[in-house]
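K.L.:
Fold the following for me, if possible:
(chains A, B, C and D)
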Protein chains: 2
Amino acid sequence: MAVNGRQGSRPTLEEVAARAGVGRGTVSRVINGSPRVSDRAKAAVSRAIAELGYVPNRAARALAGARTDAVALVIPETEARLFAEPYFLDIIRGVSAELADADKQLLLTLIRSRKERQRFEQYLAAQRVDGVLLVSVHADDPLPDLVRELDIPAVLNGRRSEAEPVAYVDSDNVGAGRSAVARLAEGGRRRIATITGPLDMYVARCRLDGYRQGLATAGLAADERLVAAADFTEEGGRRAMRELLERCPELDAVFAASDVMAAGARVALREAGRRVPDDVALIGVDDSAVARHMDPPLTSVRQPIEEMGRVMARVLLQEITGTTAEPRQLVLPTELVVRESA
Amino acid sequence: MAVNGRQGSRPTLEEVAARAGVGRGTVSRVINGSPRVSDRAKAAVSRAIAELGYVPNRAARALAGARTDAVALVIPETEARLFAEPYFLDIIRGVSAELADADKQLLLTLIRSRKERQRFEQYLAAQRVDGVLLVSVHADDPLPDLVRELDIPAVLNGRRSEAEPVAYVDSDNVGAGRSAVARLAEGGRRRIATITGPLDMYVARCRLDGYRQGLATAGLAADERLVAAADFTEEGGRRAMRELLERCPELDAVFAASDVMAAGARVALREAGRRVPDDVALIGVDDSAVARHMDPPLTSVRQPIEEMGRVMARVLLQEITGTTAEPRQLVLPTELVVRESA
DNA sequence: CGCTAGCGTGGGAGCGCTCCCACTACCCAG
DNA sequence: CTGGGTAGTGGGAGCGCTCCCACGCTAGCG
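P.N.:
This next block holds a predicted model:
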């Protein structure tokens, strides 16, 4: 990369044009990959750009072009604590990788208060981003609708209901529940309980559905006493497990809808003197670090988190450009990772 | 917030000026909090802004004002895997909170390849951010120097050496090592080993120094056979522990410079049939989720990660505005969190 | 009572792009 | 040989701000 002559100030498109002996329009066309440029001009411009070390000014571009080359990734802070935290980091990783390739900026927005939420809504209204990625939306979250109203391209991670109108990338949560229960049933377990996430989240309902389908497939009767709702936290998992043990002491397996809740359940089981997996088999969801470090290591249903991030970004980019090669609503498969707890 | 009449397009500063019956300049002054505005004008403008639901256009502002209201948080991806991952999330949390209050955008940049690094350097050169936050810099990292050369305000998380010229926020890594060893010595341990991070990172050298100082304070002799270098990974921790056990089977305590390495060490200890803490006491650093979930739960030195993020952002904002109320180089205290492993 | 000093103000001149219109050159069909 | 394309191009007109100069006005000074 060549250094520009005049110290400090960056070369402008105009200077590139002068050096290449062409007009501003031509330079702009080359930069934006327009086909209507002769090879000769293209070569001259490319050379001038290289020589000057020219980099387009984003602000000017955004102002003139009415687009920002930036995408917001929105994470409601309340959730950040609930989910196994590495989840978000993996999402970010995937999103970041995909956006970098498209030369888009990643604007990270953590929303932790009503005030910050309003500020973000203003952001959106001010058209400061080309698109929005929303993570972990609750069924009653108004943000996706706001985004639709403003006609800003958006992709959700997870959906709010079966009939989600907004584009989304989700993992196969029903399948997750099903495969966990299948594993437990194959291991000879007959009294399989579940600890669910907050049931106002579709993801939690799906995993519960999967659990029920799994039971049906295995020819086991559903028993509502074996279902305890929690909130994706460790403490919630512990409480739910205690409850289950009280209601149904003869249970011999638990499907927890997250690793973190499984960790909580593990504690409650130990307190109750139950051995894992001998007395009670345990399966979680996420395949997080917590799972690997539990004692015994936790069997868990892995979701392709980073991949979800990637795909979200890809779908969003297509929504922005208007291309619709990829379907707008995707469900990615999950995979059972067997360890020692089940 | 009022809805603007003409659907779709946002009101401009000019329209606000017209409605308030003042000139463009005055509106601009009000928005930017200039003192040179009469109360009457200020009131009229504020009302017009509210009525129109006006939000300034960031691109125009950036173009005209030669500043972007955006700050980049740079995370080298190779590191992201090494450190206990929640570390970064906590940093992000702190940074995000502080920036939100200042109405600055947070641009997250993960750098995972040479190509992406170059792209980021171009970014910097193109003045696309007002300042840069750099996380987990190695001693030989050229990025901080590049940033200085370009005269872009920057704050590091951690420093590259004792004589770091760039502004930084670090935690008291020497103190971390010292307090861990003090705890071990007080518990009657006499053969205290350490597993270090990569010694090209100042943070790792500091923790090692702290370890040595701790030994001296406790009146214990240093023994190089009790020092094993690793790389902040679990696998590295395991290998280092095996090595230590081989070199010095009579050791009775280990200070691992990260929880993740402590987890690796734990595995190696179990393989060797050593009980924790009965045979060997173990202390880590980070106080991460891993520590809480180990068996037995790991005693660990907590660093105030989110707080570091906050402070970094605050210092950077001051560097940008030129205010220098807060010192530019800060070391935050650490704290021993005692659990069952030591 | 004139003269300066400052405050509050309006608005011109850009910032560096993209969009788009107009223009040239050239081609081919009629 | 002419008319109507079409590919390639130059450059004007903004995009919505901030900066800053110049203006009117009031107040205080000698």
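
K.L.:
Tell me where the stretch 151-300 of chain A has strands.
P.N.:
Assignment of strands within the stretch 151-300 of chain A using DSSP state E, counting those that start in this stretch yields the ranges A:154-157, A:167-171, A:192-196, A:227-229, A:253-256, A:281-285, A:299-302.

K.L.:
where does chain A come near DNA strand D, residue by residue?
P.N.:
With the criterion set to C-beta under 7 Å from any atom of the strand, chain A comes near DNA strand D through A:21-26, A:28-29, A:35-38, A:40-41, A:60, A:63-64. Glycine gets a C-beta too; all of them are placed from N, C-alpha and C.

K.L.:
Select the helix or strand of chain A having the lowest average pLDDT value.
P.N.:
Ranked by mean pLDDT, DSSP states H and E, the weakest helix or strand in chain A is helix A:77-82, scoring a mean of 63.

K.L.:
circling back to that earlier point, so which of the strands of the stretch 151-300 of chain A is nearest chain B?
P.N.:
When the strands of the stretch 151-300 of chain A are compared for distance to chain B using C-beta to the nearest C-beta, the nearest one is strand A:281-285, at 12.1 Å.

K.L.:
How many neighbouring residues does the nearest residue to A:Gly131 once chain neighbours are set aside have?
P.N.:
Closest residue to A:Gly131 apart from its sequence neighbours, by C-beta to C-beta, 6 or more residues apart in numbering or on different chains: A:Pro153 at 4.0 Å. By other C-beta atoms under 10 Å in any protein chain shown, 22 other residues sit near A:Pro153.

K.L.:
just the one 10 residues further on next, same as before
P.N.:
Neighbouring residues of A:Ala163 were enumerated by other C-beta under 10 Å; the total is 6.

K.L.:
tell me, how many neighbours does the residue of the stretch 151-300 of chain A found nearest chain B end up with?
P.N.:
Closest to chain B within the stretch 151-300 of chain A is A:Asp295: 4.1 Å, counting by C-beta to the nearest C-beta. For A:Asp295, the neighbour count with other C-beta under 10 Å is 15.

K.L.:
now the one 10 residues further on
P.N.:
Summarising burial for A:Ile305: neighbours were counted as other C-beta under 10 Å, giving 24.

K.L.:
right, and it touches A:Val95 too?
P.N.:
No: here A:Ile305 lies out of contact with A:Val95, judged by C-beta atoms under 8 Å, at a distance of 10.7 Å.

K.L.:
quick one: the helices in chain A?
P.N.:
Along chain A, counting by DSSP state H, helices occupy A:13-20, A:24-31, A:39-52, A:58-65, A:77-82, A:86-101, A:114-125, A:143-149, A:173-186, A:202-217, A:234-247, A:259-271, A:289-293, A:305-321.

K.L.:
Out of these, which gets the lowest mean score?
P.N.:
Sorting the helices of chain A by mean pLDDT places helix A:77-82 lowest, at a mean of 63.

K.L.:
what does the stretch 1-150 of chain A put close to DNA strand C?
P.N.:
Near DNA strand C, when you scan the stretch 1-150 of chain A using C-beta under 7 Å from any atom of the strand, you find A:9-10, A:12-14, A:24-25, A:28, A:31-32, A:54, A:56-57, A:60-61, A:63-65.

K.L.:
ok so, going back, which among the residues of chain A next to DNA strand D end up buried?
P.N.:
Among the residues of chain A next to DNA strand D, those classed as buried by 16 or more other C-beta atoms under 10 Å in any protein chain shown are A:Val22, A:Thr26, A:Ser28, A:Arg29, A:Val37, A:Ala41, A:Leu63.

K.L.:
Next one, pLDDT for A:Ala222 please.
P.N.:
94.

K.L.:
Ignore what I typed, I meant A:Asp151.
P.N.:
Looking at A:Asp151, its pLDDT stands at 83.

K.L.:
now the one 10 residues further on
P.N.:
A:Ser161 carries a pLDDT score of 90 in this model.

K.L.:
ok, now which ones touch it?
P.N.:
Shown in contact with A:Ser161 (C-beta atoms under 8 Å, 6 or more residues apart in numbering or on different chains): A:Ala139, A:Tyr202.

K.L.:
A:Leu150 touches A:Gln122, doesn't it?
P.N.:
No: applying C-beta under 8 Å as the test, A:Leu150 and A:Gln122 come out as separate, 11.1 Å apart.

K.L.:
okay, now A:Ile152: neighbour count?
P.N.:
With other C-beta under 10 Å as criterion, A:Ile152 counts 18.

K.L.:
Next up, the contacts around the closest residue to DNA strand C within the stretch 101-250 of chain A.
P.N.:
Closest approach between the stretch 101-250 of chain A and DNA strand C, counting by C-beta to the nearest atom of the strand: A:Asp103, at 12.0 Å. Shown in contact with A:Asp103 (C-beta under 8 Å, 6+ apart): A:Asp69, B:Arg119.

K.L.:
Look up how far A:Val16 lies from it.
P.N.:
18 Å (C-beta to C-beta, to the nearest Å).

K.L.:
that older thread, in a markdown table: the helices of chain A, plus distance to B:Val45.
P.N.:
Formatted as a markdown table, these follow (distance: least, C-beta to C-beta, whole Å):
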| stretch | distance to B:Val45 |
| --- | --- |
| helix A:13-20 | 35 |
| helix A:24-31 | 36 |
| helix A:39-52 | 42 |
| helix A:58-65 | 23 |
| helix A:77-82 | 33 |
| helix A:86-101 | 37 |
| helix A:114-125 | 18 |
| helix A:143-149 | 27 |
| helix A:173-186 | 51 |
| helix A:202-217 | 45 |
| helix A:234-247 | 50 |
| helix A:259-271 | 50 |
| helix A:289-293 | 53 |
| helix A:305-321 | 35 |
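
K.L.:
ok now do the residue of the stretch 201-342 of chain A found nearest DNA strand D, which residues does it touch?
P.N.:
Closest to DNA strand D within the stretch 201-342 of chain A is A:Ile320: 19.5 Å, counting by C-beta to the nearest atom of the strand. Applying C-beta under 8 Å, 6+ apart, we find A:Ile320 in contact with A:Val71, A:Asp130, A:Gly131, A:Pro153.

K.L.:
repeat for A:Arg242
P.N.:
A:Ala268, A:Glu271, A:Ala272.

K.L.:
for A:Ala218, same thing?
P.N.:
A:Val181, A:Ala182, A:Ala185.

K.L.:
Need those in a markdown table (columns: distance to A:Cys248).
P.N.:
Listed next are the contacts of A:Ala218 as a markdown table, based on distance: C-beta to C-beta, whole Å:
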| residue | distance to A:Cys248 |
| --- | --- |
| A:Val181 | 16 |
| A:Ala182 | 21 |
| A:Ala185 | 17 |
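
K.L.:
any idea which of those residues is closest to DNA strand D?
P.N.:
A:Val181 (56.0 Å).

K.L.:
The residue lying closest to that closest one once chain neighbours are set aside: how many residues sit nearby?
P.N.:
Nearest-residue entry for A:Val181: A:Gly214, 2.6 Å, with adjacent residues in sequence omitted and distances by C-beta to C-beta, 6+ apart. When neighbours are counted by other C-beta under 10 Å, A:Gly214 registers 25.

K.L.:
quick one: A:Tyr123 and A:Val315, what's the gap?
P.N.:
From A:Tyr123 to A:Val315 the distance is 21 Å (C-beta to C-beta).

K.L.:
Comparing the two, which residue is more hemmed in?
P.N.:
Neighbour tally, A:Tyr123 and A:Val315, criterion other C-beta under 10 Å: the higher count belongs to A:Val315, 27 against 20.

K.L.:
What sits closest to the more buried one if chain neighbours are left out?
P.N.:
Nearest in space to A:Val315, with sequence neighbours left out and distances taken as C-beta to C-beta, 6+ apart, is A:Val155 at 5.0 Å.

K.L.:
and the one you found, how many neighbours?
P.N.:
The number of residues near A:Val155, taken as other C-beta under 10 Å, comes to 29.

K.L.:
I'd say it and A:Leu317 touch.
P.N.:
No: contact criterion C-beta under 8 Å: A:Val155 and A:Leu317 do not qualify, at 9.5 Å.
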